[in-house]
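Q: Sequence and predicted structure are below.
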Amino acid sequence: MFSGSLRGRLLWWLLLPLAAFVSISAVISYRFAQTTADVMQDNALLSSMRIIGEDIDWDNGSVSIQIPPAALELFESPEQDSVFYRVEASGHRLLAGSPDLTLPTHVSDRPTLYSTRLGDGREARAVAYVRQLYDSGRTEEVIVAVAKTEGSRDAMVWRLLRPQLSSEVLTLVLAMVFVYLGLTFELLPLMKVKDDVADRNASQLEPIRVARLHVELRPIVEAINQCIARMGQQAATQRQFISDAAHQLRTPLALLAAQIQFARQRDNRDASLAEALAGMHKSSRKLTTLTNKLLLLAQAESAAPSNARERIDLSALIAGVLEELIAFAQSREIDLGAELEDGLYVTGDEALTAALVTNLVDNALRYTQAGGHVTVHTQRRGDMAIVRVIDNGPGIRAEARERVFERFYRASGHVEGTGLGLPIVREIAHRQGGTVRLESNDGGAGLVATVEMRLWMAAN
């Protein structure tokens, strides 16, 4: 029942012995109530028997008896119990009462208490004794027996048991409530640790705070922090390797590109060699672009998440990016425009933010057909700045829109690219506390890439 819940299992182990104690206490209370009710019932029977026995006497040489009302009034109760008595002289001569009342097998001058069953099947409690009567040298033994059904006795057991049972059940219920609330309250730090870990993205490798944790939980969290530290160190080593490798590759790649360009400018009448040099130049450009993208991705991953506190004029930054890309747009005969709102200041790293916008616009220009248009639109919404890059190109299928954020995944193989542009955009957006999503254009054709970033005033 509680196999998946620590709170449930702790509650079970705390309440199980308490429930056992309450159960044992209830059994003891029931036995005590039974004993008390039996004693009171037996005392009433003994009193009634003595009253009846004391009123037996000689009358003109024979035994006579008159049953006083007080002998039966002792048994009056709301339960309307039935009372039976039997007075019998020697030779089984019935003097008074009911002959159906069974006598015990052995009766003496000491009262004998016993249980019996009446003719209609009801259980009854009874007492009997022998009284010796003396008169003029004669001795007469008279047996007196009194019995009563047990309705009042059972009612008395319940009246004695009910308060004790009610208090024990109430104690158990209150214990369940307070133990559950106590466990819930005491497990709140553990739930906060769970939320802290669950709300992190894959790049957040900061240690978990242990200041307010219980002593028993600290070793667990410290072990997790040690694991996080090792993961962070490994991730930092990998990022540093990518960064160093990209830096080291830049110089020979630039030199290789220059040499290939020089070779292509030489007068060469060998068509095969010219074609090979053109292919080498194209491959060199692609390798240089890939290296720059890898370096940028490493920089984005190593940036502190949303802790860069530069004040960035977003509109001015976007305008600068578009100026750099206008030549590329013209070469592809694409209308590149902007609708920028003034006074939009965001917080973040200016170089990374410029790289984010550059990759979005460059991606739109590469996938939009000649004669198309690409527009960058900005607006303010609450404490967020919204940047939209809208194109009328072929767009991206709905099922592939999430996959294009995977590294080296390309939605189309007909366009030159590295498959790293959009992953870089998402990484930078997440690092600066923003989000990015892709949607279809309202007109049906094209794509809308939307980035949300926190405004400078909202971040301070």
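A: Good, I have the coordinates. Numbers count the residues shown, from 1 in each chain.
Q: residue ranges for the helices of the stretch 151-300 of the chain, please.
A: Remark: helices assigned in the stretch 151-300 of the chain by DSSP state H, counting those that start in this stretch are 151-186, 188-198, 218-265, 271-302.
Q: Kindly reformat these as TSV and extend each row with mean neighbour count, distance to residue 334 and mean pLDDT.
A: Backbone N, C-alpha and C define where each C-beta goes, glycine included. Shown next, in TSV, are the helices of the stretch 151-300 of the chain (neighbours: other C-beta atoms under 10 Å; distance: least, C-beta to C-beta, whole Å; pLDDT from 0 to 100):
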stretch	mean neighbour count	distance to residue 334	mean pLDDT
helix 151-186	14	60	84
helix 188-198	13	43	75
helix 218-265	13	26	75
helix 271-302	16	19	69
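Q: now the ones you listed as TSV including distance to residue 432?
A: What follows is those, written out as TSV (distance: least, C-beta to C-beta, whole Å):
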stretch	distance to residue 432
helix 151-186	37
helix 188-198	20
helix 218-265	17
helix 271-302	9
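Q: Out of these, which gets nearest to residue 421?
A: When the helices of the stretch 151-300 of the chain are compared by C-beta to C-beta, helix 271-302 sits nearest residue 421, at 7.2 Å.
Q: What mean pLDDT does the following helix or strand past that closest one get?
A: For helix 271-302, the following helix or strand on the C-terminal side (DSSP states H and E) is strand 310-313. Averaged across strand 310-313, the pLDDT comes to 84.
Q: care to break the chain down by domain?
A: Using automatic domain parsing, the domain parsing of the chain gives 6-157, 303-454.
Q: Residue 273: which of those domains is closest?
A: When those are compared by C-beta to C-beta, domain 303-454 sits nearest residue 273, at 23.6 Å.
Q: on that earlier part again, of all the domains of the chain, which one is nearest residue 258?
A: Here domain 303-454 is closest among the domains of the chain (C-beta to C-beta), at 21.0 Å.
Q: Distance check, the residue lying closest to residue 209 once chain neighbours are set aside against residue 210.
A: Among residues not flanking residue 209 along the chain, residue 196 sits closest, at 7.5 Å (C-beta to C-beta, 6 or more residues apart in numbering). Here residue 196 is placed at a distance of 11 Å from residue 210 (C-beta to C-beta, to the nearest Å).
Q: Over to residue 453?
A: Using C-beta to C-beta, we find residue 453 at a distance of 33 Å from residue 210.
Q: of the two, who's got more company?
A: residue 453 (25 against 17; other C-beta atoms under 10 Å).
Q: looking at this protein, which helix or strand does the model trust least?
A: In the chain, no helix or strand scores lower on mean pLDDT, DSSP states H and E than helix 69-73, which sits at a mean of 65.
Q: Mind listing the strands the following helix or strand past it pairs with, and their directions?
A: Per DSSP H and E, helix 69-73 leads on to strand 83-89 as the next helix or strand towards the C-terminus. Paired strands of strand 83-89, with direction, are strand 93-97 (antiparallel), strand 138-149 (antiparallel) (DSSP bridges).
Q: so where's the stretch 1-150 of the chain uncertain?
A: Across the stretch 1-150 of the chain, residues meeting the criterion (pLDDT under 70) sit at 1-5, 59-64, 68-79, 136-137.
Q: That'll do, ta.
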